[in-house]
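S.K.: below are the sequence and a predicted model; questions follow.
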Amino acid sequence: DVKVTQSSRYLVKRTGEKVFLECVQDMDHENMFWYRQDPGLGLRLIYFSYDVKMKEKGDIPEGYSVSREKKERFSLILESASTNQTSMYLCASRTERESADTQYFGPGTRLTVL
Amino acid sequence: QKEVEQNSGPLSVPEGAIASLNCTYSDRGSQSFFWYRQYSGKSPELIMSIYSNGDKEDGRFTAQLNKASQYVSLLIRDSQPSDSATYLCAVGGGHAGNNRKLIWGLGTSLAVNP
């Protein structure tokens, strides 16, 4: 079974803090994704990485950066957290070894910025 | 603008009935179609994928794809209260065969009443 883990289930930070969210997958997947999910707005792609050190902006990259130094780990960084970044953050991974697009999700991190 | 549309619901069905969830998509070149289930406060989990026209059955779930009409549906037979969740439709593989990213619908909320 694919396993995707995220560093925290719940996180509370203050405005202006630098925030790191980490995601690890154990299936040697090439692609990894960061989404945020908000009521009424659905899943929105922030960034994705198609391989180590490779990244591509998603639909809402502003205020975020990412890092992928190792294949199994994909980090999302909020350089200076703001209250409008309060959200559920979901990491997903996908293999390129098959033609299927299936993405597998981690449990999510509920981030609150005060 | 590539779009995936779902009726937001809530769709309410009695226990034991058939629940029918629908999804339409705009990118005619789309090649892969997914249904994810998301319980409140949890991350999405894949329940069905379908790639060719017609029906695909897995236990109580049947996915139906009609590429000519650009819709995909999910039928849940013998609905159970444990099926109460939000169902997300996701579409991939369109536009120049980009299989890496999925386009997500906003989800349909299903309530199965005992």
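M.R.: Received it, and whenever you're ready, just let me know what you need. Numbers count the residues shown, from 1 in each chain, chains lettered A, B, ... in the order given.

S.K.: the residue nearest to residue B:52 when sequence neighbours are not counted is in what secondary structure piece?
M.R.: Spatial nearest neighbour of residue B:52, chain neighbours left out: residue B:65 (6.9 Å); criterion: CB to CB, 6 or more residues apart in numbering or on different chains. In short, each C-beta sits where N, CA and C put it, glycine included. Residue B:65 belongs to strand B:61-66 when assigned by DSSP states H and E.

S.K.: alpha carbons of stretch A:93-110, in PDB - could you do that?
M.R.: C-alpha atoms of stretch A:93-110 as PDB (Å, rounded to 0.1, in the frame of the first residue of the first chain):
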ATOM      1  CA  SER A  93       2.100  11.600  -4.500                       C
ATOM      2  CA  ARG A  94       1.900   9.800  -7.900                       C
ATOM      3  CA  THR A  95       4.100   7.400  -9.800                       C
ATOM      4  CA  GLU A  96       5.200   8.000 -13.400                       C
ATOM      5  CA  ARG A  97       6.000   4.300 -13.900                       C
ATOM      6  CA  GLU A  98       2.400   3.700 -14.900                       C
ATOM      7  CA  SER A  99       0.100   5.600 -17.200                       C
ATOM      8  CA  ALA A 100      -2.500   6.100 -14.400                       C
ATOM      9  CA  ASP A 101      -2.900   9.500 -12.900                       C
ATOM     10  CA  THR A 102      -3.900   8.200  -9.500                       C
ATOM     11  CA  GLN A 103      -2.800  10.500  -6.700                       C
ATOM     12  CA  TYR A 104      -2.500   9.200  -3.100                       C
ATOM     13  CA  PHE A 105      -3.100  11.600  -0.300                       C
ATOM     14  CA  GLY A 106      -1.600  12.000   3.200                       C
ATOM     15  CA  PRO A 107      -3.800  12.600   6.200                       C
ATOM     16  CA  GLY A 108      -3.600  16.400   5.900                       C
ATOM     17  CA  THR A 109      -2.400  19.200   8.200                       C
ATOM     18  CA  ARG A 110      -4.900  21.600   9.600                       C
END
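
S.K.: could I get the buried residue list for it?
M.R.: By neighbour count on 16 or more other CB atoms under 10 Å in any protein chain shown, the buried set for stretch A:93-110 is A:93, A:94, A:95, A:101, A:102, A:103, A:104, A:105, A:106, A:108, A:109, A:110.

S.K.: the closest residue to chain A within chain B pairs with what?
M.R.: Distance from chain A to each residue of chain B (CB to the nearest CB) is smallest for residue B:92, at 3.7 Å. Beta-bridge partners recorded for residue B:92 (DSSP bridges): residue B:32, residue B:102.

S.K.: and the strand ranked longest in chain A, anywhere near chain B?
M.R.: Longest strand in chain A by number of residues, with DSSP state E as the criterion: strand A:42-51. Yes - under the criterion of CB under 8 Å from any CB of the partner chain, chain B is reached by strand A:42-51 at A:42, A:43, A:45, A:48, A:50.

S.K.: quick one, helices of chain B?
M.R.: With helices called from DSSP state H, chain B shows none.

S.K.: quick one, grab the pLDDT at the closest residue to chain B within chain A.
M.R.: Here the residue of chain A nearest chain B is residue A:101; by CB to the nearest CB that distance is 3.7 Å. Note for residue A:101: predicted pLDDT of 70.
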